[in-house]
Structure formats: C-alpha cells, structure tokens
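Engineer: okay, here's the prediction I keep looking at, along with the sequence it came from:
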There are 2 protein chains.
Amino acid sequence: MALSLDYTCLMSGGPQGALGVDPEWLAAAAAAHPGQLQALQGRRASGELGFFDLPDDRQTVAAVSDWAASVKGRYDNVVVLGIGGSALGTSALHAALSPGFNEVSPDGDRPRLFVVDNVDPALVNGVLRVCDPERTLFNVISKSGSTAETMSQFLLFLDRLKAAVGDRWTDHVVVTTDAEHGFLRPFATTHGLTTFTVPANVGGRFSVLTPVGLVPGALLGWDLSALMDGAAAGRERCLSADFSANPAALIAATHHLLDTKRQMDVQVLFPYSHRLRLLGEWLVQLAAESLGKIDASGAGVGPLPHAAIGATDQHSQVQLFVEGPNNKVFTFLRVAEHDDVTIPAPPEGLEGLSYLGGQGFGTLLDAECRATRLALTAAGRPNAEITFPKVDAYHVGEWVLWMQIATAFGGECYGVNAFDQPGVEGGKIATYGLMGRKGFEDERARIEAMVMSDGQFVVG
Amino acid sequence: MALSLDYTCLMSGGPQGALGVDPEWLAAAAAAHPGQLQALQGRRASGELGFFDLPDDRQTVAAVSDWAASVKGRYDNVVVLGIGGSALGTSALHAALSPGFNEVSPDGDRPRLFVVDNVDPALVNGVLRVCDPERTLFNVISKSGSTAETMSQFLLFLDRLKAAVGDRWTDHVVVTTDAEHGFLRPFATTHGLTTFTVPANVGGRFSVLTPVGLVPGALLGWDLSALMDGAAAGRERCLSADFSANPAALIAATHHLLDTKRQMDVQVLFPYSHRLRLLGEWLVQLAAESLGKIDASGAGVGPLPHAAIGATDQHSQVQLFVEGPNNKVFTFLRVAEHDDVTIPAPPEGLEGLSYLGGQGFGTLLDAECRATRLALTAAGRPNAEITFPKVDAYHVGEWVLWMQIATAFGGECYGVNAFDQPGVEGGKIATYGLMGRKGFEDERARIEAMVMSDGQFVVG
C-alpha cells in the first residue's frame, strides 16, 4: 500500500465547482514538467543534491543500527542538541513513530527523547533537572559544527557531564557533523568520540534520513529499513516523467498556480492525526527556507506554510478558513486505518450521546475530517487530500520524499534556488556582533549605531 | 513592573524607514477610538461581554483554590478533557507557569497535566497507558455540555474509571460546564460531582480566566491571585480613552491598517521564550475565530495569525520572513529578566567558541531576538516588541487581557462581531450527519449525495 493524493477539489469546475486551478493552466504545467525534471536530475547527477540518494544508503542505516544495538538499554534519555534541520525532522518522526508521552519503555530498551532546540535558560535547566547524566546520551548535531545555539548547549552539557561522570563522559556523547568542517569533528577525533557524518551535499532541512534523524531513530527503535523503503518508493513515483502520475510535481504545480494566479499564498497542512501532528512543523521549515526567496526579478516570493491539526483546529482555525479571505490552500492528511478504540455506550443520564456509543474514535476522527473538507469545499476553498494507509515508518518515509521532491519542483516553478538560505546570514552576523565574537567588531559598531526606537511610539 | 509595547518599527518613516503605518492613518484611528471604546463598554454594560469582569471575580478564585487545597496530594495526573477554548489557554499557561517536562513534583504536590484535545485513538490510548486511574483526576470541560469530541472522551474515561475504582469514580471527576445547559450539568447533579461554572456570557476563547483555566491552574499551583491582578492591570490600561496610551487599541488599529492598506494580512507572534512558546497557539484561536468573518459587505475578512518561536525559528521561518513577500507583521515577545544559566568557557580544542563562554543563555537569546528584529527592520518588515519584565503569572495575566481586548477592538476595526463563530456550524452538522445522530438524517443524505471526487484527479 502506498500514499495516495486526491486533488479533485484543487481544480476549477470540479464536482463541487470550487475556485481553483484551471485545467488549461495544468496542461501548461505538464508541458513544463520534462524540463523541470531534467534540471533536477542534472543537479542530482552533478552530486549537488545528495538527498535524492539517501534512501539507497543502507550502509549508514546498518552502521547506525549496529552502534545503537551495542548501547541498547544503557540510556534512559537521549538528548538531541540541535536546531532547525537538526531537530524538526527528529521531533516529527518521534511523534509519529514513538507514540505515547515520551516515557521509558517498561523493558528499559526504549529511552525518552529530548530535543533541545532553543537556548532559553528555562529549557536547558529543565533538561538538567530531569535527565540523570549517568543514564543520558547527548547527541550533538550540527552540520557546520559551529551553530551558536547548539555549541552553547554543548558547552553546558559537556561541563555538567564531566562533573557528574568524570572521564567516562566520552561514553555519553555522540557527534553528528560534517566530515571535515567545523569545531566538532577535530574535537571528536581528539577524544575518540562516536561520530556520524552529515553528507556535505545534503542541507539541514533535507537531512532527516541522514544520521541526523537515523541516530535518534535507531536508539528509539524506529523501523529504519521500512522508513528507507518507503522513502525509496516515494522517490520512484516523484521522479516519474508522467506529470499526471507524479504526486510531487502535481503538488508543486497546483500550489504554485494557486499562489501566482489566484493569490492563494497560504498553504495549510491539516493532518487529521495525533501522531502526524508535527509533520507540519517540519514542512514549515522545508517550504519556508526553500521557497521564501528573492527571485530573478528581485521580488520576494514564496508561499506561507501554515500548520493546523484535526480535529483540534476545528475549534480554533476553521472559522477563519471557512469565512475569512479565500487565500488559503489546504492539504488534508487522512489516515485510513487506525488502531481504533471504541466509544462506550452512554450510561443512564447521558442518552443524548447515544449517537457516539459503539463507534470508534477513529471513525469519529475520519467523519470530522470529511465534514471539514465538505464545509471548506462548499465555501469554495481549494483542498486536496493525501491518504496514509496507516501511520508507520514506511508511509512516513514515503511522505518525506514526496514533500522534499515537491519542494525541489517548487524551486523550479518559482525560479529560485530551493537549496540555499541567504536571508538568514544577516541575523547570524548581527548575533556574532552583539555577543562580541572576534572579527565582528565592525558589525557590532554598525548595530549599535542603528536606532530602533526614539521613544515616540512606546507604551509602558 | 508592567508589560511595555514599542511599535516604532510598525510606523512609516520611523528611524529605520520601514514600510508601515502612515502617521496620518493612525490619527484617523485615534479619532475613531472613543466611538469604538464606547461600543465595547456598552456591550459590557449590557452583560454581553463577561470576560471584561473576570479579573474581579475573586470569589471564584477562592472557591477553586479552596477545593484544590482540599484534594492536594491526592492525584499524580490531571487529565483535561476539552478542546479549543477549553484546552488552548490551559496548555499555554501550563507551559508558562509550570516549567519543566510535566513531571510530578518531588513532594508529590504538583501533578502532571494532560490536555486531551483530540479524538485520535492513539492519543486517548496513550493517556490510558500512562495514567493510573487511582491517581488521576479527570476534569471534563465543555461550556455547551455537548461537544462531540469531549463527550466521546468522557464516555471512554468514565467507563475505564468505573472499571478501575468502582463507586469511588465520583472522586475522580470534576465538571466545568454551563450553569444550566447541556448533558453534563444534570449528570453531575445526579451523581453529586464537584462542578464549576463557565459563565453564560463568556465564550470559549475568552474563558481561560474562568474555572476552565483556574481549576487546572489551582491543582498545578499557579499563583491565581497574581494572574488576576495582572489581568486587572492589563484591562485598566486597555480601556484607556487615551488612544496613544492604550496598547490594545494601538495593536488593533496598527494591525488593521497594515492589513487593509498594505495587504499585510499575516500576523506573526514571535515569542523569544521557551515558556511563552504556546501563547501563539492560544492567540491563533482568539484571533482566527474572532476576526475571520464575513463582513457587512459580504467579503471574507480577517488576518492570518501565525506562530513562530525564537530563537528556534531563525533556523526555519526567518528566511521566508526576511526575503519572501512583504505581507507579514511581526510581534516579538521579549523577556527582560531570565533566571539565567551561564555558558561555561570552552575546553581545549573548542577555543573558537570563546565568544560564548561566560555569557548567559538569556543574554544569547536576547541578542538573537535583537539581531532578528534588526534583520527584519533592515529588510523593511514592520515589527513591534512587547517586553515581559519576567515570565510569571502576573505578566501572563496582563498579556491575556491585552490580547483579548485588542481582539475586541479588532472586531470594531473590521466591522464584524468578534464574539460568535457561525462558520464552524456547517462542519459540526455534517459530523452529526456522518455519525448517524438522530434528527440529522437529511444532512446525512445531503452529504452522501455530494461528490467530492470523480477519480479523474487522483494519484495512488
């Protein structure tokens, strides 16, 4: 079984007549498809886009799995020190593939996971309070080996770890970084730390299937082979030369057309699934950093990826989605098969709830998904549905490749490079200046000369 | 100390010359302020808008606190059954006021909190696995007393609770609902359950300072008096007739002007604080359900509230924010005083990180906040900053009232009723139809006749 995509309600003149993609526009997109596919295949062949080949790298899966097996049962806590692409994929897959509330499994084999993706002292202090260093593994993840947030965390936890376990600290640290660059690689070599490599040609937001995600995944017992099998299957379909059979190309083209021709520039991912709830945050980074760019004409382009969760957001955002401006495109994620739980028949005094008794929670969730799609469709709001046969490693892996390749096609549609992030440099350099990093003295002077407020428009 | 608002960088022609609110537009908004204030005060005086008066209701605070004191230490787990307005405020305040990772406090006095705001079987099953009924209190919250998601959860947990503790189940359930309406009130009366009341004139998304949030808060040991004191202080300033001293009116007017005159219709809340990270989700509901409406001209209006978290989203969304379309308005939440933790000096081999060593994580977080504001300002993106002197119950309470009253003023600016949600009825009725509820047979027939797909635009 594979993911399926139904984009009927993205089209104009479909069964419900919603405002959407004109079939003629789609024909033009189909004509552009061979050229876009060739462009991506060319960059892949040149070695630039390593993410395409990750599903084949079973040697890394084996190496990570063997190492994880060798430390099985040794740790109650895995603490990931990472941010952005080093954190979001792991968090999303953890929610999907390690259901529950992050408890140690009764047999002690499955540790808890803490993804420390911020530098707030309240967060780092919290981790120190709940994780006994003796029972904790710190996985420090930075492709560049110099990320300020991750490095400052590493300095703290390294210090506390040495204080707690002395020379044995090297058994409690595993490093995931570039093969050559950055501060972490030589430090790990000096101390003989376990290390795994982020390939140089895989960017952070495309790295969840590298050791960035695989190391935590192996420790947590995810089925990494199924994850990679699903990813490989997803890649296969998303490289199809047949536009009408290529889900990534269809998603990219329809969304680009709705943005540029209908000014529908908000793209809402709406999973009706508790376990898939964090896929939206992963996708937000992937889409925002890849497509939020200045194009060749000098214009700022890129849709806004926005997350919702069903059924929860029916009680939060659906009012706006149904009645507000018609500038949003919805992608529902629907789960076909749940491990269902039956709603008991109501006791005496609650007979008014008898319509719920005897049905499954999964049935209710699915009815709500369908009801919300119907309401949006009736209000003329374009929406598509991706069906997961079930929530498991295979289908999550498939979805990862669908979205990564759709994003790559999106770069072709918008005429931007989907694989860089020039817009974040300014903030990084300003931070270095403000923190007094050597070599950034001019930046500091420039910042201190910038007046952000003259006090005129202040209340307080 | 109170919250402060600096909106310099929302204005056109400010120190950095960002594209923003023309001072003449703001003068017109100031002229409209007395009329808007009077309209809101009139609705308050008529008894329609109960949320204004909640900060004065110290009797309810005392009643809730007394009851919580009487059961102190009896439960390890508080499970909130609620969705939307019955869940989001409690979750946001829990993140802010109960820092850590949701563990039982060492003295056993502070329980864990589980907010069950979805009907996915994976979620409800997870709660059953980690919460021993003997040590668990279920707080079922539904103003209407008939919310399908909450009622189905209640049927399940009630059934399991009776199976586990027999007749003593009544000690493990507390009900928060309307004084008269719905299924829950008579059921609670029959069985002598502890109940608290949601006032009839307070809507779900305005209800966090009613027993909806106060009951979990009392059990978790939040300082409810300080929360209410802050809320009262926030209300005071936000009802000022002096437009230039009224933060709620200024926020509403500037955001409305940027939306309608500059097509900046995305409003990003950007807290630089781990503990304030869920305020965005609470605000999303408040703004989306209140302002996402059809106006008198028949047009769909309402900005898109969108959440980001600093510094985390510098590695996710900031690329789009800096270089993408200039259609977003940013509100930074900055914390002036942290319980800071010092970054240790780097060990041998990591000397390149010496710019971090000896400084606080809070200092780094604050530098990143400032750096990101500078980068956005330099890119011409309008942004404001609200400073929290510190994260505590007082200032969170103050912020709640700022945002609720700003939303009320927003309704006046857009010319919509901020206190209803007609757009969610369609989905509710469709769900009833699909679930086979008595009286909704025609709806079911209508839905089954609606063709959502003819199979032409399907891949899979």
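Structural biologist: Great, that's in hand.
Engineer: hey, let's count contacts and neighbours off CA atoms from now on
Structural biologist: OK.
Engineer: quick one: the residue lying farthest from the centre of chain A from A:Val391, how far?
Structural biologist: Residue farthest from the centre of chain A, counting by CA atoms, centre = their mean, is A:Glu348 at 45.9 Å. For A:Glu348, the distance to A:Val391 equals 36 Å [CA to CA, to the nearest Å].
Engineer: residue contacts, the one residue sitting closest to the centre of chain A?
Structural biologist: Geometric centre of chain A, nearest residue: A:Trp282, 1.7 Å, by CA atoms, centre = their mean. Under the criterion of CA atoms under 8 Å, 6 or more residues apart in numbering or on different chains, the neighbours of A:Trp282 are A:88-89, A:92.
Engineer: and those, which is closest to chain B?
Structural biologist: Closest approach to chain B among the contacts of A:Trp282 (CA to the nearest CA): A:Leu88, at 9.0 Å.
Engineer: where do the strands of the stretch 351-460 of chain A begin and end?
Structural biologist: A:383-388, A:458-459 (DSSP state E, counting those that start in this stretch).
Engineer: single out the most deeply packed of those.
Structural biologist: For the strands of the stretch 351-460 of chain A, the largest average neighbour count (mean count of other CA atoms under 10 Å in any protein chain shown) is found in strand A:383-388, namely a mean of 23.
Engineer: which strands border that one, and is each parallel or antiparallel?
Structural biologist: strand A:4-6 (antiparallel), strand A:328-335 (parallel) (DSSP bridges).
Engineer: returning to what we had before: and the residue farthest from the centre of chain A, that's in a strand?
Structural biologist: No. According to DSSP: H, G, I helix; E, B strand; the rest coil, A:Glu348 belongs to no strand; its state is coil.
Engineer: so which residues on the stretch 1-150 of chain A come close to chain B?
Structural biologist: When proximity is defined by CA under 8 Å from any CA of the partner chain, the stretch 1-150 of chain A lies next to chain B at A:2-9, A:14-16, A:83-85, A:99-101, A:117-123, A:125-127, A:130, A:148.
Engineer: just the buried residues from those residues, in PyMOL please.
Structural biologist: In PyMOL, a selection of the buried entries from those looks like this (16 or more other CA atoms under 10 Å in any protein chain shown):
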select buried, chain A and resi 2+3+4+5+6+7+8+9+14+16+83+84+85+99+100+117+118+119+120+121+122+123+127+148
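Engineer: strands - which of the residues of the stretch 1-150 of chain A next to chain B land there?
Structural biologist: A:4-6 (DSSP state E).
Engineer: want to throw the residues you listed into CSV with pLDDT?
Structural biologist: Formatted as CSV, those follow (pLDDT from 0 to 100):
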residue, pLDDT
A:Ser4, 98
A:Leu5, 98
A:Asp6, 97
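Engineer: show residues contacting the helix or strand encompassing A:Gly217.
Structural biologist: Per DSSP states H and E: A:Gly217 is located in helix A:211-220. Outside helix A:211-220, the residues that touch it by CA under 8 Å, 6+ apart are A:60-61, A:64-65, A:68-69, A:72, A:78, A:80, A:86, A:89-90, A:94, A:98, A:110-113, A:139, A:141, A:176, A:196-198, A:207-208, A:224.
Engineer: for the stretch 151-300 of chain A, which segments count as strands?
Structural biologist: Under DSSP E, counting those that start in this stretch, the stretch 151-300 of chain A gives strands at A:173-177, A:194-197, A:266-271, A:293-294, A:300-301.
Engineer: dump those strands into JSON lines; add distance to chain B, mean pLDDT and mean neighbour count as well.
Structural biologist: As requested, those are exported to JSON lines (distance: least, CA to the nearest CA, whole Å; pLDDT from 0 to 100; neighbours: other CA atoms under 10 Å in any protein chain shown):
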{"stretch": "strand A:173-177", "distance to chain B": "14", "mean pLDDT": "98", "mean neighbour count": "24"}
{"stretch": "strand A:194-197", "distance to chain B": "16", "mean pLDDT": "98", "mean neighbour count": "20"}
{"stretch": "strand A:266-271", "distance to chain B": "9", "mean pLDDT": "98", "mean neighbour count": "24"}
{"stretch": "strand A:293-294", "distance to chain B": "5", "mean pLDDT": "98", "mean neighbour count": "26"}
{"stretch": "strand A:300-301", "distance to chain B": "4", "mean pLDDT": "98", "mean neighbour count": "20"}
